[in-house]
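# Fold the following for me, if possible:
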Amino acid sequence: MPSRQDQLHSYQYSLQRVVAALVTHDPDPSRSPLRRAGTTALVSLLIASLAVVGATIYGVLTGQSNVNPKDASVVFQEKGSGARYVYLKSDDKLHPVLNYTSGLLLAEGETPKLKSIAADKLATVGLGPTLGIPEAPDSLPDADALLTERWSICTDNKGEEGRPRSTLLIGDKLTDGTTGTGEALLVRDPDGQNFMIYNNRRFFVPADRLTATKRILNWGAQESWQVSTAWLNAVPRGVDLLPPPIPNSGDDSVVGDLKVGRLVTGPDKQVAIILADGAADLTPMQGKLMQVAGAGAPIDLGNDFLTMPASKTRLSDTNDPNGLPAEVPKLRDANPSQVCITLPADPKSGDGIRIDPTVPAGFAVDSNGAAPGTVLADFVHVARGKGVVAEGVASATAPAGSGTVSVVTDTGRIYPLASRELLTKLGYAGVKPRQVPSELISLLPQGASLDPAKAGQSQS
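Down below sits the predicted model:
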């Protein structure tokens, strides 16, 4: 007798033939009639899933995934035209904006996003007046494209008819040429004023003492080299190339019959000057400048120099970092074709003044609109796509946060921020502003102030 299992298989086989006859009109098909339908359904499901995943990824990458034209934290960019809009909850309208930066300043949230949106979606929201800051930048450097190198200002005589011109280099590291360590330059500005450039500082040479200064300092007949005003203004100022004042010159002193103001020297060629209460030591540079002022050559007192009473007045400025150099510097043999200074100078690396380096060409600066008396660089170079978040400081020792924060774009223009908190809104969260000497900041053409209040003003 057939077993229960045999009976079950027989029943299943009979049922399969009935189903096959109904579906395929064939009671004995080679394959199950539902197998092809199941395979087709599975393949269709996989294709649909892939399409959904692909559409989701595309939306995320392009910013078009469920873009809501009433999202106040977005700067909308219309597909096709590129026009930009922001939605304001205050009037429930979309507002065209003059530029990308204005849109960022108006959008809500700490870090607004730029999203592309179709024109028909934008058309579902009412249109308000155009807003924004005229001449604010339409492009900002990415946070990872910010330059951190120090700035340099260069001068040459390649302008029209040999006119001196300046180039401001932002974030370009100068590596060739020679450093000016140990040598001095004698330069003059377009107004004819003369300066000694030494140890990354400028020392004014009075016009009525120029000839005597060159002779007594053994600088020969070399003419001063003309430099641009922008470059000279950027070089930190030292003291004037003058001797210390000597009161009561010509009066009697306690040193024998020597008069006040007389230069004396001894066995080691140390120079001193006679004051009313004794002799005061001078540096070699001070001694030479006293001769420029008419003190005459020092009298050699021999060993008597060592026993002179010392004055209580200190005139030597050997340890004063802002004073004159102690020794008379050697003047560079020939005038250069180009000179740059990197600021703030780093004494450890021996840089600062650099002679005849390779300087990239920059944008010509348009000085139209600058305040009267403003001195700007003639050219500014910023690498394409780069920029700087800068903080202008009065000195290298100024505390962080004491200066105005600005954004410099690759157009060579600087845009001050109304507050530091705007850095996050502009995409610079966590960025520490690069401290830059105010002497260099002032050489840049000024752009519009980036202020949300100004961005909200109607331009219609």
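# where does the chain have low pLDDT?
Scanning the chain for pLDDT under 70 picks out 1-46, 48-49, 51-65, 346-351, 396-399.
# Tell me how many other residues crowd the closest residue to residue 343 other than its chain neighbours.
In space, and not counting its chain neighbours, residue 343 is closest to residue 437: 4.9 Å by Cβ to Cβ, 6 or more residues apart in numbering. Heads up, the C-betas are built off the backbone N, CA and C, glycines and all. For residue 437, the count of nearby residues is 22 (other Cβ atoms under 10 Å).
# And for the one 5 residues further on?
Taking other Cβ under 10 Å as the criterion, the count of residues near residue 442 is 17.
# Now for residue 158, how many residues are close by?
Neighbour number of residue 158 under other Cβ under 10 Å is 12.
# in what helix or strand does it lie?
Taking DSSP states H and E as the definition, residue 158 sits outside all helices and strands.
# any idea how far residue 361 is from it?
11 Å (Cβ to Cβ, to the nearest Å).
# Tell me which stretches of the stretch 351-460 of the chain form strands.
Taking DSSP state E, counting those that start in this stretch as the test, the strands found in the stretch 351-460 of the chain are 353-355, 363-364, 379-381, 388-393, 405-408, 414-416, 434-437.
# who touches the shortest one?
Defining contact as Cβ atoms under 8 Å, 6 or more residues apart in numbering, one finds that strand 363-364 is touched by 378-381, 411-412.
# Quickly run through the sheet partners of it, with directions.
Strand 363-364 pairs in its sheet with strand 379-381 (antiparallel), by DSSP bridges.
# what's next to the strand it pairs with, contact-wise?
Residues outside strand 379-381 that contact it (Cβ under 8 Å, 6+ apart): 165-170, 172, 359-365, 412, 443-445.
# how many neighbours does residue 361 have?
Neighbours of residue 361 (other Cβ under 10 Å): 8.
# first vs last residue of stretch 274-288, how far apart are they?
15 Å (Cα to Cα, to the nearest Å).
# Show me the helices in the protein, by range?
Listed in chain order, the helices of the chain (DSSP state H) span residues 4-24, 35-62, 100-106, 119-122, 210-216, 229-234, 284-292, 422-425, 438-441, 452-455.
# still on that earlier bit, I'd like to know the beta-bridge partner residues of the residue nearest to residue 343.
Judged by DSSP bridges, the bridge partners of residue 437 are residue 393.
# and residue 357, what does it touch?
154, 174-177, 338, 340.
# quick one on the thing from earlier: comparing the strands of the stretch 351-460 of the chain, which stretch has the densest surroundings?
Across those, averaging neighbours per residue (mean count of other Cβ atoms under 10 Å) puts strand 405-408 on top, at a mean of 24.
# Residues in contact with that strand: which ones?
Looking at what lies outside strand 405-408 - Cβ under 8 Å, 6+ apart - the contacts are 137, 140-141, 170, 382, 387-392, 414-417, 420, 423, 426, 428, 433, 441, 444, 450.
# what pairs with it, and is each one parallel or antiparallel?
Here, using DSSP bridges, strand 405-408 pairs with strand 388-393 (antiparallel), strand 414-416 (antiparallel).
# For residue 183, find the nearest of these.
strand 388-393 (28.7 Å; Cβ to Cβ).
# any idea how far the closest one is from the chain center?
Centroid separation between strand 388-393 and its chain, computed with Cα atoms, centre = their mean, to the nearest Å, is 6 Å.
# Same question for stretch 308-321.
42 Å.
# So for that stretch, what gets flagged as buried?
In terms of neighbour count (16 or more other Cβ atoms under 10 Å), stretch 308-321 has its buried residues at 308, 311, 315-317.
# what's residue 196 in contact with, if anything?
For residue 196, the contact set (Cβ under 8 Å, 6+ apart) comprises 184-186, 202-203, 205, 241, 329.
# What about the closest residue to it other than its chain neighbours, how many residues nearby?
Spatial nearest neighbour of residue 196, excluding adjacent residues (Cβ to Cβ, 6+ apart): residue 203 at 4.5 Å. Residue 203 has 22 neighbours, counted by other Cβ under 10 Å.
# just the one 5 residues further on next, same as before
For residue 208, the number of neighbouring residues by other Cβ under 10 Å comes to 7.
# so how far is residue 215 from it?
14 Å.
# Leaving out the residues flanking it, which one is nearest to the spatially most central residue of the chain?
The chain has residue 388 as the residue nearest its centroid, 4.4 Å off, counting by Cα atoms, centre = their mean. Leaving aside its sequence neighbours, residue 388 sits nearest to residue 408 (Cβ to Cβ, 6+ apart; 4.3 Å).
# What residues are bridge-paired with that neighbour?
residue 388, residue 414.
# Okay, and the beta partners of the residue nearest to residue 127 when sequence neighbours are not counted?
Of all residues not flanking residue 127 in the chain, residue 94 sits nearest, at 5.7 Å (Cβ to Cβ, 6+ apart). Beta-bridge partners of residue 94, counted by DSSP bridges, are residue 87, residue 127.
# ok, residue 94 touching residue 129?
No - in this structure, residue 94 is not within contact of residue 129 by Cβ atoms under 8 Å, at 10.7 Å.
# Those two - which one has more neighbours?
Higher neighbour count among residue 94 and residue 129: residue 94, with 20 against 12, using other Cβ under 10 Å.
# ok, residue 106 - contacts?
Residue 106 neighbours (Cβ under 8 Å, 6+ apart): 86, 88, 95, 97, 131-132, 452, 455-456.
# what's the most distant pair in the residues you listed?
95 and 452 (13.4 Å).
# So these two - more neighbours on which side?
In this view residue 95 and residue 452 are compared by other Cβ under 10 Å, and residue 95 has more residues nearby, 23 against 16.
# List the contacts of that one.
85-88, 106, 127-131.
# For the strands of the stretch 351-460 of the chain, could you give me CSV that also reports distance to residue 247?
Shown next, in CSV, are the strands of the stretch 351-460 of the chain (distance: least, Cβ to Cβ, whole Å):
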stretch, distance to residue 247
strand 353-355, 36
strand 363-364, 53
strand 379-381, 49
strand 388-393, 38
strand 405-408, 48
strand 414-416, 48
strand 434-437, 37
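# Ok, which of these comes nearest residue 190?
For these, the distance to residue 190 is smallest for strand 379-381, at 16.8 Å, taking Cβ to Cβ.
# How far away from the center of its chain is the closest one?
12 Å.
# cool, and stretch 376-392?
6 Å.
# so how far is residue 454 from the residue nearest to residue 127?
To residue 454, residue 94 is 20 Å away according to Cβ to Cβ.
# again, but for residue 306
For residue 306, the distance to residue 454 - Cβ to Cβ - is 72 Å.
# These two - which one has more neighbours?
With neighbours defined as other Cβ under 10 Å, residue 306 and residue 454 compare such that residue 454 has more, 17 against 11.
# That concludes my questions; thank you for your assistance.
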